[in-house]
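Q: Structure for this input, please:
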Amino acid sequence: MISSPDEPIQALHAASELLRALASPVRLGIVRELSGGGKHVHELVTALGVSQPLVSQHLRVLRASRIVTARRQAREIEYSLTDDHVAHIVLDAIRHAQE
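A: Okay, here's the model as predicted:
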């Protein structure tokens, strides 16, 4: 089912904001990497092959959208997904693009 007349417009706006927050190859890559569990920035930098400032910038967007959470561990911060729903969306989109 795509939509119904009874569906609140707020839900459509929220879904639109979620997709907008994911609309970047780097952010999709971050979510893909975090789907396997929490990671530190340096691990994301290595996995994605992009600079640390770029990863940090995209993590800020994902945190602001409540897609990613951060937890301090001594001198480092571990990032993880808020829930698995977003990982399913991203992984399915990547699989679909590869078909």
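
Q: Look up phi and psi at Q73.
A: Phi and psi for Q73, reported as degrees, to the nearest 10, are phi -130, psi 100.

Q: Next, work out how far apart the most centrally placed residue in the chain and G49 are.
A: The centroid of the chain falls nearest to V31 when counting by Cα atoms, centre = their mean (3.9 Å). V31 sits 16 Å away from G49 when distances are taken as Cβ to Cβ, to the nearest Å. In this view, the C-beta of every residue, glycine as well, is placed from N, C-alpha and C.

Q: cool, R75 as well?
A: Applying Cβ to Cβ, the value for R75 to G49 is 24 Å.

Q: averaged over its residues, what pLDDT does the helix or strand encompassing the residue nearest to the centre of the chain have?
A: Assigned by DSSP states H and E, V31 belongs to helix 25-34. The average pLDDT within helix 25-34 is 98.

Q: How far off centre is that helix?
A: Remark: helix 25-34 is offset 6 Å from the chain centroid, using Cα atoms, centre = their mean, to the nearest Å.

Q: List the buried residues in it.
A: By neighbour count with 16 or more other Cβ atoms under 10 Å, helix 25-34 contains the buried residues 26-34.

Q: Of the residues you listed, which is the nearest to S65?
A: R27 (9.2 Å; Cβ to Cβ).

Q: thinking that closest one is in contact with A21, fair?
A: Yes - using Cβ atoms under 8 Å, R27 is in contact with A21, at 7.0 Å.

Q: between the two, what contacts are shared?
A: Residues touching both R27 and A21 by Cβ atoms under 8 Å, 6 or more residues apart in numbering: 61-62.

Q: low pLDDT regions in the chain?
A: 1-7 (pLDDT under 70).

Q: all strands of it, in order?
A: Under the criterion DSSP state E, the chain contains strands at 39-40, 68-73, 76-81.

Q: Neighbouring strands of the second one in the sheet, and parallel or not?
A: Going back to what we said before, that points to strand 68-73. Strand pairing for strand 68-73, using DSSP bridges, gives strand 76-81 (antiparallel).
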